[in-house]
Every structure is written in structure tokens, then in C-alpha cells.
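Participant: Have a look; sequence and predicted model below, questions after that.
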Amino acid sequence: MRAFTPLAIVLLACLGAPAAAQTFGPPIEGLCLLSRSAAISASRAGQSMQGQLRQLQSSLSSELEQRSAALQQQRSALEARRSATAPIEYQRQQAALEQQLRALDQEQNGRFITAQQRGQQQIDQALNTALGRVVSGRSCAVVMERDNSYGWNNAMDITPAVAREMDGILQAVDLG
């Protein structure tokens with residue numbers, strides 16, 4: 001069994017890794033390929049947004065933990081007074097604490113989603129402008145999603161050019 005472990009690891013790594021593009025034939029004039037996700041990931045604005053979203057998520061998580069801890073203390077205090085509290089009043093207070101916790105979670109999720117959408121709008125605008133410039137410069141008649149191709153001629157791939165053009169348009173996003 002031990003002899004098969006290295007082989008299994010290599011096979012699993014090969015299966016999980018995306019295959020490198022194979023160059024198929026000569027480039028087709030007017031046909032361009034773009035990986036939208038790769039262009040965004042390679043751009044400074046895309047990297048800026050990912051970094052800011054990680055920071056925001058961390059900040060929101062720690063804030064949520066602190067506020068949740070305070071609500072948990074209130075819940076523990078309520079539990080300690082349970083025998084001295086009328087059952088209907090206990091249930092009302094417990095439901096109110098649960099509602100506060102749900103509202104807090106929804107608020108944090110809403111803040112994250114709003115920031116993410118704000119950043120994505122900025123990136124989409126930069127991507128569209130960059131794509132328009134590159135398509136005009138390369139005389140693309142058709143632009144297709146590169147990630148749906150099995151292979152291509154690299155001369156048809158405009159992804160790096162779009163990422164560079166995006167860098168000239170937008171360096172960083174503003175999630176605030």
C-alpha cells in the first residue's frame with residue numbers, strides 16, 4: 001500500500017491541476033480569446049479588491065465575534081435568572097437575543113456583499129474599457145471565453161493585454 005501512495009498523490013495532483021493550454025494550429029484572424037477571471041486576477045485592481053475583501057472579512061469576523069460574545073453573556077445571564085423569570089418572559093427575552101444575533105449576522109453579511117459589489121462594479125468598468133481598447137487594437141471580430149476552450153494558439157489570447165490595459169485604467173478599487 002505504501003508503494004502506491006506516491007503514485008496516487010501524483011495522479012490526484014494531475015487530475016486536480018488545470019491542464020496547460022495546447023497550441024492548436026495557426027491563429028485565426030479576428031478570433032480572440034479572453035479569460036475574464038484570469039484578466040481580473042492578474043490586474044492590480046483585482047488583486048487590490050481581493051486583499052481588501054480579505055481584510056474586511058477579517059475585520060467583520062472579529063467584530064461579529066465580539067458582539068456575539070456580548071450577546072452570549074446576556075444569554076448566560078438570562079439563563080441564570082431563568083427560575084426567577086416567568087416562562088413567557090424568559091421565552092420573549094431569549095427570542096429577542098436570538099433576533100439580535102441574526103440581525104447582527106445579516107448586517108455583517110450585507111456590509112461584505114455591498115463592499116464586494118462596489119469593488120466588482122469598478123473592476124467591471126475597467127475590464128470593459130480595457131477590453132474595448134484591446135479588441136479595437138487587435139481587430140477582434142469575435143471574442144470568446146478562453147476558459148471554455150481545450151486549446152488555442154497563444155497569439156489569439158488577449159488576456160494578458162487586457163490585464164495590462166486594466167492596470168493603466170484602475171490601480172486599486174475603493175470598497176468604502
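Facilitator: Done, it's in. Numbering: from 1, shown residues only.

Participant: what pLDDT does the residue positioned nearest the centre of the chain get?
Facilitator: Nearest to the mean C-alpha position of the chain, by CA atoms, centre = their mean, lies Gln50 at 6.8 Å. Per-residue confidence (pLDDT) for Gln50: 93.

Participant: And Leu175, by the same measure?
Facilitator: Confidence per residue is given as pLDDT, and for Leu175 that number is 88.

Participant: and what of Ala80?
Facilitator: Per-residue confidence (pLDDT) for Ala80: 86.

Participant: show me what contacts it?
Facilitator: When the contact criterion is CB atoms under 8 Å, 6 or more residues apart in numbering, Ala80 has no partners at all. (Glycine included, C-beta is placed from N, CA and C.)

Participant: And it, how close does it get to Ala172?
Facilitator: Going from Ala80 to Ala172 by CB to CB, to the nearest Å gives 50 Å.

Participant: Contacts only, for the residue nearest to the centre of the chain.
Facilitator: The neighbours of Gln50, taking CB under 8 Å, 6+ apart as the test, are Ser41.

Participant: ok, now how distant is it from Gln72?
Facilitator: 32 Å.

Participant: Ok, Ala38 next?
Facilitator: When CB to CB is the yardstick, Ala38 and Gln72 sit 43 Å from each other.

Participant: Quick check on those two: which one has the bigger neighbour count.
Facilitator: Using other CB atoms under 10 Å as the criterion, Ala38 and Gln72 rank with Ala38 on top: 17 against 12.

Participant: In CSV, list the C-alpha atoms belonging to the helix or strand where the more buried one lies.
Facilitator: Of the helices and strands defined by DSSP states H and E, Ala38 is found in helix 36-42. Provided in CSV are the C-alpha atoms of helix 36-42 (Å, rounded to 0.1, in the frame of the first residue of the first chain):
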residue,chain,number,x,y,z
ARG,A,36,-12.2,37.1,-17.8
SER,A,37,-11.3,35.7,-14.4
ALA,A,38,-7.6,35.4,-15.3
ALA,A,39,-7.5,39.1,-16.5
ILE,A,40,-9.1,40.3,-13.3
SER,A,41,-6.9,38.1,-11.1
ALA,A,42,-3.8,39.4,-12.9
